[in-house]
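> 3D, please:
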Amino acid sequence: MIWYVYILRCGDGTLYTGITDNVSRRLAAHRAGKGAKYTRGRGPLELVYQEAVPDKSAALKRENALKKLTKQQKERLILEQI
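Presented below is the predicted three-dimensional model:
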């Protein structure tokens with residue numbers, strides 16, 4: 001099963017990184033206030049990056065690596081995807 005690592009841009013300009021096996025369902029959950037506690041009340045939420053990985057273990061490792069990046073490094077990664 002393919003998993004995804006994703007980055008959301010919150011309404012306050014912050015970035016949130018997470019993993020899922022269904023990006024559209026997870027984004028809907030975030031927007032409905034049923035996603036991560038961090039994203040509640042920080043809307044509107046925009047999906048700005050997603051990366052497919054082979055399994056949940058790989059997704060967790062990649063998420064951890066992305067969370068260690070600075071905001072500037074994440075912004076560069078987002079721009080490179082375009």
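> What distance do you get for residue 36 to residue 52?
20 Å (C-beta to C-beta, to the nearest Å). Yep, even glycine has a C-beta here, placed from its N, CA and C like the rest.
> More neighbours: which of those two?
More crowded of residue 36 and residue 52, by other C-beta atoms under 10 Å: residue 36, with 14 against 11.
> So which elements touch the helix or strand containing residue 72?
Residue 72 is located in helix 71-81, with elements delineated by DSSP states H and E. If you count contacts as 3 or more C-beta pairs under 8 Å, 6 or more residues apart in numbering; DSSP states H and E, helix 71-81 packs onto strand 3-9, strand 15-20, strand 46-53.
> Quick one: residues contacting residue 19.
3, 4, 5, 6, 56, 59, 60, 62, 63 (C-beta atoms under 8 Å, 6 or more residues apart in numbering).
> I'd like those as CSV, with neighbour count and pLDDT appended.
Below are these laid out as CSV (neighbours: other C-beta atoms under 10 Å; pLDDT from 0 to 100):
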residue, neighbour count, pLDDT
3, 21, 98
4, 19, 98
5, 24, 98
6, 21, 98
56, 13, 98
59, 22, 98
60, 14, 98
62, 17, 98
63, 20, 98
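> and which of the residues you listed is nearest to residue 47?
For the contacts of residue 19, the residue nearest residue 47 by C-beta to C-beta is residue 6; the value is 6.2 Å.
> And the closest one, how far from residue 63?
9 Å.
> Could you tell me which residues touch both of those two?
17, 18, 19.
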